[in-house]
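Asker: Pasting the sequence and the predicted model now:
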Amino acid sequence: MRRLRILLFAAMLAGAGRYEANGPESEAFTQPIEGLDANHAASFRKGSGIFRQAWLIGPSQDHPDFVGLGPLYNRLSCVACHVKNGRGAAPDSENGVARTMAARLSVEGRDAHGGPRPHPHYGFQLNPEGVPGVAGEGQALVDYAEFDETLADGETITLRRPKLSFRSLAFGPLGPESKTSLRNAPPVFGLGLLESVSDAEILAGKGRPNFVFSVEAGQRTLGRFGLKANQPNLKQQIANAFAEDIGVTSSLFPAENCPPIQRECRRGASTPELTDVQLDAVVDYIRAIAPPARRNLDDPRVKDGDVLFHEIGCSDCHRDALHVADFSLQPALNGVEIHPYTDLLLHDMGEGLADGREDFEAGPRDWRTPPLWGLGLAGKGGDGADFLHDGRARTPVEAILWHGGEAQSSADAFRNLPEPQRQALLAFLNSL
């Protein structure tokens, strides 16, 4: 029976068969990959608990393993932004406070490893919260300017352009030399499979790689995670998120984000708070979250939309097939073809999506192609359903229309499609 489940799962990934995900659509992003052995299944459960646990200031007799919040932080837990392992949500129009988003910061120049230089007063990220006795750094606010775009057949689509601003900055204005980038929390399912794709297969794609610094290896290597492919692997991505978003340090990132001007923050800094065992459990958890099964594969509109997706050039960047090279959690999947609809490479997306901020070899207009698997289930589990790096797009249609640069011709082709063909393409995207 266990072998049969593995084969069924492999068939789903390869697109050669059907596999119904366990549980309702609301839990589609929380399921483990089939066939994990007892040790990996136990690590998955442990990592899931850590991912959902709210961290505390301490001391705590009830939860001594989860003490270490701050001194500065954005949210109390991982799941507070990655709700049900899905996307974050754009702020509501009432107060505009970015809650499941982060405002990334830097100034001109590069650090010793070729990455961005942190802001001298606020570091790499603005954190609005501080533990008692430590001032939060301020709040990032998002306002939207709406405008209409008319498609070739006369249909009007309302787009919105975000404007990022700041208030209650505790250590003075950011300054004219500052570079800012609003980042929405991305979904975290299927990442272990993407990590297993070989460098050679990624580099064979049509995009441009971002070579970044690996803390563990002490050298530059291919980036594949993060919105600008600025992290080399899941372990570094997760450890960096703990440090930047929750203020929880680890052996990989042992220093708190406390610039020299923030004296109270520096007094509250401590030794690594996330143990290596805990970090490894969270890494195992994220690696083992399965992508959701596709739906409506026999729908004629879905089939037509698949053809259109390739004809208008979407698949040039949203590459439909990659291969699992070495997946230690489930060796039965080694060599299996997967369909994440990404090439894990950078592409120039045009001035409309530029954030004005470099990240290693990624320029202001460059973004890593986001995976599209699970797109049709976005928002079904209480997660956000806002798209693109800053959540400006409320629908896949809006996201497509924002494409520029290398993707301009595909976006223009979509604008010119007759309405039935547009609906077929959207039915295909909704099936992912």
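Answerer: Sure thing, it's come through. Keep in mind that what you see is a predicted model, and the values were worked out from it rather than measured.

Asker: In the chain, what residue spans correspond to strands?
Answerer: In the chain, the strands defined using DSSP state E lie at 72-73, 101-110, 116-117, 129-130, 139-150, 156-167, 178-184, 211-214, 219-222, 322-323, 337-338, 346-348, 366-368.

Asker: got a list of contacts for the first one?
Answerer: Yep, that's strand 72-73 we're talking about. Residues outside strand 72-73 that contact it (CB atoms under 8 Å, 6 or more residues apart in numbering) are 55, 127, 129-131, 134, 136-137, 245-247, 256-258, 262, 265. C-beta coordinates here come from the backbone N, C-alpha and C atoms, glycine included.

Asker: next one: that strand to chain centre, how far?
Answerer: From the chain centre to the centre of strand 72-73 is a distance of 20 Å (CA atoms, centre = their mean, to the nearest Å).

Asker: same thing with the second one?
Answerer: Averaging C-alpha coordinates over strand 101-110 and over its chain gives two centres that are 17 Å apart (CA atoms, centre = their mean).

Asker: in that strand, what counts as buried?
Answerer: Met101, Ala102, Ala103, Arg104, Leu105, Ser106 (16 or more other CB atoms under 10 Å).

Asker: between it and strand 139-150, how many degrees?
Answerer: Calculated by axes from the mean of the first three to the mean of the last three CA atoms, to 10 degrees, strand 101-110 forms an angle of 100 degrees with strand 139-150.

Asker: Check which helices and strands strand 101-110 sits against.
Answerer: With contacts defined as 3 or more CB pairs under 8 Å, 6 or more residues apart in numbering; DSSP states H and E, strand 101-110 has these neighbours: strand 116-117, strand 139-150, strand 178-184.

Asker: Over to the last one?
Answerer: Identification of packing neighbours for strand 366-368 by 3+ CB pairs under 8 Å, 6+ apart yields strand 346-348.

Asker: For the lengthiest helix in the chain, C-alpha coordinates in CSV please.
Answerer: What stands out as the longest helix in the chain, according to DSSP state H, is helix 38-52. C-alpha atoms of helix 38-52 as CSV (Å, rounded to 0.1, in the frame of the first residue of the first chain):
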residue,chain,number,x,y,z
ALA,A,38,8.8,7.4,10.4
ASN,A,39,11.8,9.7,11.2
HIS,A,40,11.0,12.2,8.5
ALA,A,41,7.3,12.1,9.5
ALA,A,42,8.2,12.8,13.1
SER,A,43,10.4,15.7,12.0
PHE,A,44,7.6,17.1,9.8
ARG,A,45,5.3,17.2,12.8
LYS,A,46,7.9,18.8,15.0
GLY,A,47,8.8,21.4,12.4
SER,A,48,5.1,22.1,11.8
GLY,A,49,4.7,22.9,15.5
ILE,A,50,7.7,25.2,15.6
PHE,A,51,6.4,27.0,12.4
ARG,A,52,3.1,27.7,14.1
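
Asker: any idea how far Ser409 is from Ala102?
Answerer: Note on Ser409: its distance to Ala102, by CB to CB, to the nearest Å, is 32 Å.

Asker: quick revisit: out of the contacts of strand 72-73, the closest to Glu311 would be?
Answerer: Closest approach to Glu311 among those (CB to CB): Asp245, at 40.4 Å.

Asker: For the closest one, grab the count of nearby residues.
Answerer: 22 (other CB atoms under 10 Å).

Asker: Just the local confidence number for it, please.
Answerer: With respect to pLDDT, Asp245 scores 97.

Asker: Find the residue closest to it in space, skipping its chain neighbours.
Answerer: Once flanking residues are discounted, Asp245 sits nearest to Asn74: 4.7 Å by CB to CB, 6 or more residues apart in numbering.
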